[in-house]
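**Q** Have a look at this prediction, sequence included:
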Amino acid sequence: MENFNYYTPTRVVFGRGTEEKVGELVKAQDCSKVLVHYGGGSVKKSGLLDRVFRSLEEAGVSYLSLGGVVPNPRLSLVYEGISLCKREGVDFILAVGGGSVIDSAKAIGYGVANEGDVWDFYARKRQASGCLPIGVVLTISAAGSEMSDSSVITNEDGWLKRGYSSNFGRARFAVMNPELTMTLPKYQTASGCVDIMMHTMERYFNQCGNMELTDGISEHLIRTVMKNAKLLMDEPDNYDARAEVMWAGSLSHNGLTGCGTDGGDWACHQLEHELGGMFDVAHGAGLAAVWGSWARYVADARPQRFAQFAVNVMGVEAGADEMETALRGIEAMEAFYRDIEMPVCIRDLGVEPTEEQMRELAEKCSHFRKRTVGCVKKLDVDDMYRIYKNALKYEAKQIHGVER
Ligand code: NZQ
Ligand code: ZN
């Protein structure tokens, strides 16, 4: 087991009706003015935003609001939020929404607490020295941003989608009422479940030795999400299934399933971020679209790990050798994605990148040939291009383009 530093400062207030407590939770933060940040309107339609305003008013908290965050949140709105907060003396941001709203709130928080252009942090030019405190009322189980240290923003100039991680950005509290997720469209529920599973799978596929406890937590978490994702396809109002998925979403990305690992692979996230930046696809769906291609491309670098995943998570019978078992596991995961109406290739996303665009995706993902991604196998710009290309349409049983 590798050394690790596990830090989860976020207070979780979980369960039915918990959004009613948001006023007192904010008040306890000892702030003078709050920015309530939200998305494209689902929180207005559901009445949640009004309930949040009422709770703040009852607690005597002064606030203003800024909506309009879109999935794959944009830098331009972040700039607008930074100016607004500075002008109005905002000292706390309450994100009411999903990963996009929370990430936008974190970016605004960095922009207010630090001089200069906030994009510098996402462009990896420098590190933040603080962030405005953030609180969350979560409406979708997916990104895990409510407990994670990361924030992912899309710069419209070049459509670059970039992440920045720092403990300063961790939310002070997260209000999580699973009932709030019952209004999600089926596609968003499924896409969220894939993202949750992937946050643990990215950590699980690593180059480490023995991690009995972390592996057990991870394998059980992924199985739990798969079981409840399937249930939610037919029973969107199933509270217990919503609750299991919501809690898994936070635990999957707060660091727990990475304890004792080398940090994990994360290539699929990097590959997907470019797809999201160029084609504005839902993040979880984009991950499902590239995962199979990635897995087939790298499995021979760690067949034992892929075979363990196949047996312990996907429940497949072991094959004649580790590689065969690994491949069965990959196919079983793709079958699961299809079961919940998620893509297994890029075409399934409804987009068709040209040859030139696939080269551009790879260039951007490699930060214009300045980095490799992944640890199971270090992927350079040519590997990235091949993974995108293999992901374009579904090809069964291919490893490195060779039929098995
Ligand atoms: O904007 P509104 O109208 O609220 O609609 C949203 C949006 O269209 C809708 N929605 C949210 N809650 C709803 C609802 N619709 C009905 N009822 C509800 N209760 O769902 C759509 C997607 O929302 P979004 O916030 O974009 O989803 P998600 O939580 O999946 O966040 C995706 C973003 O997070 C980033 C992704 O890259 C993507 O930009 N990620 C952030 C991470 C982090 N900060 O740690 C890690 C992840 O790997 C991920 O990269
Ligand atoms: Zn993700």
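**A** Ah, there it is. Numbers count the residues shown, from 1 in each chain. Ligands and ions are numbered 1, 2, ... in the order given.
**Q** Could you list the residues of the stretch 251-400 of the chain in contact with ligand 1?
**A** H253, H269, G276, H283 (CB under 6 Å from any ligand atom). No exception for glycine: its C-beta is placed from N, CA and C like everyone else's.
**Q** doesn't D103 make contact with the last one?
**A** No: assessed by CB atoms under 8 Å, H283 is found out of contact with D103, at 10.6 Å.
**Q** joint contacts of those two?
**A** A143 (CB atoms under 8 Å, 6 or more residues apart in numbering).
**Q** and E80, backbone torsions?
**A** E80 adopts backbone torsions of phi -60, psi -40, taken as degrees, to the nearest 10.
**Q** pLDDT and neighbour count for the residues of the stretch 251-400 of the chain next to ligand 1 - can I get that in TSV?
**A** What follows is these, written out as TSV (pLDDT from 0 to 100; neighbours: other CB atoms under 10 Å):
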residue	pLDDT	neighbour count
H253	98	27
H269	98	23
G276	94	21
H283	96	25
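**Q** What is the nearest of these to S191?
**A** H283 (7.0 Å; CB to CB).
**Q** which residues touch the closest one?
**A** P71, N72, G99, A142, A143, S191, D195, E272, G276.
**Q** Which residue is the nearest non-sequential neighbour of the fifth one?
**A** Residue nearest to A143 in three dimensions, not counting chain neighbours: G99, with 2.6 Å by CB to CB, 6 or more residues apart in numbering.
**Q** ok, the one you found to ligand 1 distance?
**A** Distance, G99 to ligand 1, using CB to the nearest ligand atom, to the nearest Å: 3 Å.
**Q** All further residue positions should be reported with the first residue as 5.
**A** I'll keep to 5 as the first residue from here, and by that count the last item is G103.
**Q** Name all residues that make contact with that residue.
**A** Contacts of G103 (CB under 8 Å, 6+ apart): I144, A146, A147, G148, S149, V156, H287.
**Q** Confirm that V105 lies within a strand, as I assumed.
**A** No: read with DSSP: H, G, I helix; E, B strand; the rest coil, V105 is helix and lies in no strand.
**Q** May I ask you to confirm that it is in contact with A99?
**A** Yes: the pair V105 / A99 is scored as a contact, 4.7 Å apart, by CB under 8 Å.
**Q** who touches both of those two?
**A** H41, Y42.
**Q** So which bits of the stretch 55-204 of the chain are right by ligand 1?
**A** 75-77, 101-105, 107, 143-144, 146-149, 152, 154-156, 184-185, 187-188, 192, 196, 199.
**Q** Going along the chain, name the helices of the stretch 155-304 of the chain.
**A** Taking DSSP state H, counting those that start in this stretch, the helices of the stretch 155-304 of the chain run over residues 190-208, 216-238, 243-257, 271-283, 287-302.
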